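Quick one, what's the 3D model for this:
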Amino acid sequence: MLAEIFAKSLRNLLLPDIIKLFLLCLVVYGIGMFAMSAGFSTLIGVYAGLNSTEGFIAGLLGSASGMVLAWFLFPLLYPVLISFFDDRMAVVIERDDYPQLPAAEPPFWPTLWHDAVFCLKALGINLLCLPFYFIPLLGLLLYYGINGYLLGTQFFRMAAGRRAGPEQVKALQAKAGSKIILAGAAISFCSTIPLLNLAAPLLGVAIMLHLFHALAGNDKQQVLPQQGSPL
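Below you'll find the predicted structure:
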């Protein structure tokens with residue numbers, strides 16, 4: 001199932017309307033990545049007591065460390081970043097692959113708030129686990145495992161919350177089993193690969209949208225056009 005969903009999601013990224021959204025997302029991605037890198041670099045400099053008198057090399061090391069931290073932790077901000085594009089992207093994909101479905105009108109601001117809270121929690125968890133990420137091999141497994149769960153769960157809730165209520169989403173999550181975590185790990189992995197990381201947020205939306213529809217269809221449940229509040 002996941003291989004087929006991944007292939008369909010990659011195909012969706014080539015749709016003209018998705019390419020337009022990708023360009024908009026790219027601008028927001030660039031601004032966010034720059035801001036996060038600068039923030040971490042400044043914090044590292046302050047924590048280490050670095051200043052202009054410490055020399056160029058020390059400042060360069062602080063900036064490089066900030067960029068590395070931002071590179072690995074920025075994907076946790078994907079839910080907030082993609083909140084401005086996910087519904088428009090879902091409309092395009094559903095129009096192409098699920099034309100029989102009625103339009104969905106999910107709430108925006110409550111969902112954005114929920115995504116922001118998630119990002120803060122996810123950043124906190126990763127900062128606590130940061131020392132363990134430096135352990136060879138175990139660190140990578142831990143990073144992709146933790147963030148596969150976090151991103152997978154959040155992206156699935158974003159996709160499913162457009163058409164299903166909280167109880168339906170929980171039921172589908174239970175039915176999905178490890179599929180959501182595996183898909184989340186794939187999103188997390190893509191987010192650390194240069195160039196591919198630029199499309200990772202949109203790829204995550206497409207994957208989880210297709211996974212939701214596959215699970216809902218297999219369950220033979222009636223997927224409603226709109227269901228109450230976000231999770």
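
Buried residues of the longest helix seen in the chain, list them for me.
In the chain, assigned by DSSP state H, the helix with the most residues is helix 16-48. Counting neighbours by 16 or more other C-beta atoms under 10 Å, one finds that the buried residues in helix 16-48 are 18, 21-22, 25, 29, 32-33, 36-37, 40-41, 44-45. To be clear about C-beta, it is placed using only N, CA and C from the backbone, and glycine gets the same treatment.

Can you name every helix or strand that it contacts?
If you count contacts as 3 or more C-beta pairs under 8 Å, 6 or more residues apart in numbering; DSSP states H and E, helix 16-48 packs onto helix 56-73, helix 78-83, helix 86-97, helix 196-218.

and of the buried residues of helix 16-48, the nearest to residue 127?
residue 40 (10.6 Å; C-beta to C-beta).

what about the nearest residue to the closest one once chain neighbours are set aside, how many residues close to it?
Excluding its sequence neighbours, the residue lying closest to residue 40 (C-beta to C-beta, 6 or more residues apart in numbering) is residue 66, at 3.6 Å. When neighbours are counted by other C-beta atoms under 10 Å, residue 66 registers 20.

What residues does residue 66 make contact with?
Residues in contact with residue 66 (C-beta atoms under 8 Å, 6 or more residues apart in numbering) are 37-44.

returning to that earlier point: report the distance from the longest helix of the chain to the chain centre.
In terms of C-alpha atoms, centre = their mean, to the nearest Å, the centre of helix 16-48 is found 14 Å from the chain centre.

Residue 135: what secondary structure?
Each residue gets one of three states, and residue 135 gets coil by DSSP: H, G, I helix; E, B strand; the rest coil.

from the contacts of residue 66, which is closest to residue 12?
When the contacts of residue 66 are compared against residue 12 (criterion: C-beta to C-beta), the nearest one is residue 37, at 29.7 Å.

how much space between the closest one and residue 71?
Relative to residue 71, residue 37 is positioned 8 Å away (criterion: C-beta to C-beta, to the nearest Å).

try residue 107
For residue 107, the distance to residue 71 equals 32 Å [C-beta to C-beta].

just for this protein, where's the confidence low?
Residues of the chain meeting the criterion pLDDT under 70: 45, 47-59, 61-62, 109, 218-231.

Show the contacting residues for the residue nearest the centre of the chain.
Geometric centre of the chain, nearest residue: residue 78, 4.0 Å, by C-alpha atoms, centre = their mean. Contacts for residue 78 (C-beta under 8 Å, 6+ apart) come out as 151, 155, 187, 191, 200-201, 204.

which two in the residues you listed are spaced the farthest apart?
The largest separation in these, counting by C-beta to C-beta, is between 155 and 191 at 11.5 Å.

Which one of these two is surrounded by more residues?
residue 155 (28 against 23).

In this structure the more buried one contacts residue 206, no?
No - using C-beta atoms under 8 Å, residue 155 makes no contact with residue 206, being 9.8 Å away.

And the contacts of residue 66, which is closest to residue 113?
Of the contacts of residue 66, the one sitting nearest to residue 113 (C-beta to C-beta) turns out to be residue 39, at 21.5 Å.

now the closest residue to the closest one other than its chain neighbours: how far from residue 127?
Of all residues not flanking residue 39 in the chain, residue 66 sits nearest, at 7.4 Å (C-beta to C-beta, 6+ apart). Applying C-beta to C-beta, the value for residue 66 to residue 127 is 14 Å.
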